[in-house]
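curious how this folds, go ahead:
(chains A and B)
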Amino acid sequence: MNNPVRVRFAPSPTGHLHIGNVRTAILNWLFARHSGGAFILRIEDTDVERSTKASEESILEDLRWLTLDWDEGPEKGGAFGPYRQSERLALYQQYAQQLIASRKAYYCFCTESELEAARDNAMAQGGGQVHYSGKCRSLTPAQQAEARAKGIAPAIRFHVPEQAVSFADLVKGELTFPENTFGDFVIIRSGGLPTYNFAAVVDDHLMKISHVIRGDDHVSNTPKQKLLYEAFGWEVPVFCHIPMILGEDRSRLSKRHGATSLDQFAEKGYLPEAIINFLSLLSWSSESGEEILPIARLIQEFSFARINNSAAVFDTTKLNWMNGVYIRKLDPEQLVHRTAPFLRHAGYTLPDSGALKALLVLLQESVEYLEQFVEKTAFFFAERIHLTDGAAIAMSQSEASEKVYWSFLRQLENIEDFTPEVFREIMKTVNKETGVMGKELWMPIRIALTGAMHGPDLPKLAALLGKERVHKMILHIVE
RNA sequence: GGCGCAUUCGUCUAGUGGACCAGGACGCUGGCCUCUCACGUCGGUGACACGGGUUCGAAUCCCGUAUGCGCCA
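Got it, this is the predicted structure:
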């Protein structure tokens, strides 16, 4: 009974990966890596209308960006392929036929309008639940032939046995559904395509999935699936339903809550390791209570027992904080490597790597996501500084400032190496020469160099700009 | 409408009958650092949905109500 751990992530290719799906993928992946099992990617593309090849590719891209690697999947292959449901259609037919042969499923010729009428009727009777009547359960071959002759394409329905269904969920505990919770459900639609519940069961069995880890919006699908496993005589996997991620208004996370797809976060410059860490912490917590957990530790500490069972609101503010923590942890090479694309995208011409490194390191602590570097480095890439802030303009034009500027320029002429330490020395001398101190002393210089009244450490900033440029900028502002 | 799941500070959470007048993190807020912002650091704010039980004792167990979410119809 000790099956090897095999888990799967099974998205529908109908767009970019959504935050909720990403979290499901992460948990599956963490469990697989934690237990030395396999992480399988399966594309559920039976909804022909909405599935696109481009979406499938973007999903693979998203997963790669996140650094979640899979052991089997489309493109990659594996022993249990194919890994696209659209390429497994014959399999679903074959297994549906098997259920028909054992009289556990049957053809249903009811049309949509007939079903609707029956439903309305049952509603009018005041009954609580409205299930399929079972009308086609015992059609004779002759009746079936007659219906086919009329051109009606049948669906295949599962004959639901009258029994309560229960299963032990790894997160929710023992769940029981009374008998008659649902009626005979469709497993193959009249068009020949399988329904979600049927395809998932057939695939999970054939792919030897040991643990089904998915969002708890699937809880009510599970009894249906369990019945299918039993009808086939297959071993039932372990189910684990994880709580949903909600928007700020506690409704299901959707587009109107702002950024919800992974690529949007990538574009703003969130780091994959921060996203993984943050999402892991929704509905899960580490035993130690620590929150900044690099991937290796998440893998090590993952445990179903520590998943709680209530939905969590996605809080961008906290994500921003955590992303900032990860940005601050980046070494200079990584910082440049990851940020350069954003700067290039903004149209900046990048300086040599030493200068770029110094520039980014200078701003590193003040950034929450990489895209913010574009604005924060604008002063460095601009031809000239344009003052827009009224207070800054006023300050730069004060009498004290004039004195500071001229004194500073004089000092500048005497020095060779323009380092942060030298800059500090100059400021001291300017102070002595002019008697101006504190804010009145520093602010004018800051404004001349950056155009703003706040920003990074001035000595380092000045050294980075270099003597020539500093000279030019101060000259420009006094004239 | 039926069935299911959930409910601890604004948000993420710890908590599995006594160690909890409920701990941590983000946020907010006050101080320190400081030319400024940020970082860092020290402090503050702030919650067991409600009502009944069970028990010597309940955030923790049971029942009901409310609210939210999900699935099906």
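
counting neighbours, what do you get for A:His476?
11 (other CB atoms under 10 Å). To be clear about C-beta, it is placed using only N, CA and C from the backbone, and glycine gets the same treatment.

that one: what secondary structure?
helix (DSSP: H, G, I helix; E, B strand; the rest coil).

verify the stated contact: it with A:Ala382.
No: taking contacts as CB atoms under 8 Å, A:His476 lies outside contact range of A:Ala382: 11.9 Å.

any idea which element A:Phe39 lies in?
Here A:Phe39, judged by DSSP states H and E, is contained in strand A:38-41.

just A:Cys136 next, same as before
Counting by DSSP H and E, A:Cys136 is found in no helix or strand.

all helices for the stretch 101-250 of chain A, in order.
A:112-124, A:141-149, A:196-206, A:222-232 (DSSP state H, counting those that start in this stretch).

looking at the ones you listed, which is buried most?
helix A:196-206 (a mean of 22; mean count of other CB atoms under 10 Å).

what packs against that one?
With contacts taken as 3 or more CB pairs under 8 Å, 6 or more residues apart in numbering; DSSP states H and E, helix A:196-206 sits against helix A:89-101, strand A:186-188, helix A:222-232.

want to try a markdown table for those, with distance to A:Lys255 as columns?
Output for those, formatted as a markdown table (distance: least, CB to CB, whole Å):
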| stretch | distance to A:Lys255 |
| --- | --- |
| helix A:89-101 | 31 |
| strand A:186-188 | 30 |
| helix A:222-232 | 28 |
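
can you list those in TSV and add distance to RNA strand B and mean pLDDT?
Output for the helices and strands packed on helix A:196-206, formatted as TSV (distance: least, CB to the nearest atom of the strand, whole Å; pLDDT from 0 to 100):
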stretch	distance to RNA strand B	mean pLDDT
helix A:89-101	18	94
strand A:186-188	8	92
helix A:222-232	8	94
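
could you point out which of these sits nearest A:Gly247?
Set against A:Gly247 and scored by CB to CB, the helices and strands packed on helix A:196-206 come closest in helix A:222-232, at 25.2 Å.

can you map out the strands along chain A?
Counting by DSSP state E, chain A has strands at residues A:6-9, A:38-41, A:105-108, A:155-158, A:165-169, A:173-177, A:186-188, A:211-215, A:238-242, A:245-246, A:312-313.

if we can go back for a sec, in JSON lines: the helices of the stretch 101-250 of chain A, plus distance to A:Gln98.
Supplementary listing: the helices of the stretch 101-250 of chain A in JSON lines, determined by distance: least, CB to CB, whole Å:
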{"stretch": "helix A:112-124", "distance to A:Gln98": "25"}
{"stretch": "helix A:141-149", "distance to A:Gln98": "18"}
{"stretch": "helix A:196-206", "distance to A:Gln98": "10"}
{"stretch": "helix A:222-232", "distance to A:Gln98": "7"}
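
could you point out which of those helices sits nearest A:Lys329?
Nearest of the helices of the stretch 101-250 of chain A (CB to CB): helix A:196-206, 38.7 Å.

render the CA-only coordinates of that closest one in PDB, please.
The C-alpha trace of helix A:196-206 is given here as PDB (Å, rounded to 0.1, in the frame of the first residue of the first chain):
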ATOM      1  CA  TYR A 196     -14.300  17.000 -15.700                       C
ATOM      2  CA  ASN A 197     -15.100  14.400 -13.100                       C
ATOM      3  CA  PHE A 198     -14.800  11.500 -15.400                       C
ATOM      4  CA  ALA A 199     -11.600  12.600 -17.200                       C
ATOM      5  CA  ALA A 200      -9.900  13.500 -13.900                       C
ATOM      6  CA  VAL A 201     -10.600  10.100 -12.500                       C
ATOM      7  CA  VAL A 202      -9.500   8.100 -15.500                       C
ATOM      8  CA  ASP A 203      -6.300  10.200 -15.800                       C
ATOM      9  CA  ASP A 204      -5.500  10.200 -12.100                       C
ATOM     10  CA  HIS A 205      -5.800   6.400 -12.100                       C
ATOM     11  CA  LEU A 206      -3.900   5.800 -15.200                       C
END
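
what is the rounded mean pLDDT of that helix?
Summarised as a single mean, pLDDT over helix A:196-206 is 95.

what angle sits between it and strand A:211-215?
Orientation of helix A:196-206 against strand A:211-215 (axes from the mean of the first three to the mean of the last three CA atoms, to 10 degrees) gives an angle of 150 degrees.
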